[in-house]
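Asks: structure, please.
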Amino acid sequence: MAEDEDNQQGQGEGLKYLGFVQDAATYAVTTFSNVYLFAKDKSGPLQPGVDIIEGPVKNVAVPLYNRFSYIPNGALKFVDSPVVASVTIIDRSLPPIVKDASIQVVSAIRAAPEAARFLAFFLPGQTKILAKVFYGEN
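Replies: A predicted model of the protein is given here:
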């Protein structure tokens, strides 16, 4: 049983470009689980009915999940390898100026939150000064 868990965890390794899909799926499942637990807790008088239905659903869904859980990871690995090949071909054929531009865009995107914080701090005082200049208020 421990080997199965190790194999399932190890299947996510090796995704070079599509690892974000796995992360998004994990996030979606976690969010759905939290919403389900919240709704279950707030179900009020329907709570016994929810508990009765939940048992058989778990009895059917858990074995199916355990049997077919490797398929999404295998599909991602299968699709990731052509993506790697395509990116390699594109990388070889792009001129260096395009590569440099994309690097600059990525670094600008990563710096955007810091710039937004700076502007949020800096602009309120400056807008008052500009309003005084434009509208002639002292």
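Asks: grab the most central residue of the protein for me.
Replies: The centroid of the chain falls nearest to residue 24 when counting by CA atoms, centre = their mean (3.8 Å).
Asks: and that residue, its phi and psi?
Replies: With angles defined as degrees, to the nearest 10, residue 24 shows backbone torsions of phi -70, psi -40.
Asks: show the pLDDT at it.
Replies: Residue 24 is assigned 89 on the pLDDT scale.
Asks: helix or strand next in line after whichever strand or helix holds residue 29, which one?
Replies: Residue 29 belongs to helix 19-41 when elements are defined using DSSP states H and E. Counting by DSSP H and E, the element after helix 19-41 in chain order, helix or strand, is helix 47-68.
Asks: next, the angle from whichever helix or strand comes after that following helix to helix 19-41.
Replies: Taking DSSP H and E as the definition, the helix or strand that follows helix 47-68 towards the C-terminus is helix 70-93. With axes from the mean of the first three to the mean of the last three CA atoms, to 10 degrees applied, the angle from helix 70-93 to helix 19-41 works out at 140 degrees.
Asks: can you point out the buried residues in helix 70-93?
Replies: Within helix 70-93, the residues that qualify as buried are 73, 76, 80, counting by 16 or more other CB atoms under 10 Å. In short, each C-beta sits where N, CA and C put it, glycine included.
Asks: that older thread, and the residue nearest to the centre of the chain, how far from residue 86?
Replies: Between residue 24 and residue 86 the distance, using CB to CB, to the nearest Å, works out to 21 Å.
Asks: re earlier: going by distance to residue 112, which of the buried residues of helix 70-93 wins?
Replies: Distance to residue 112 across those (CB to CB) is lowest for residue 80, with 28.1 Å.
Asks: skipping adjacent residues, who's closest to that closest one in space?
Replies: With CB to CB, 6 or more residues apart in numbering as the criterion, residue 80 has its nearest non-adjacent residue at 4.6 Å, and that residue is residue 18.
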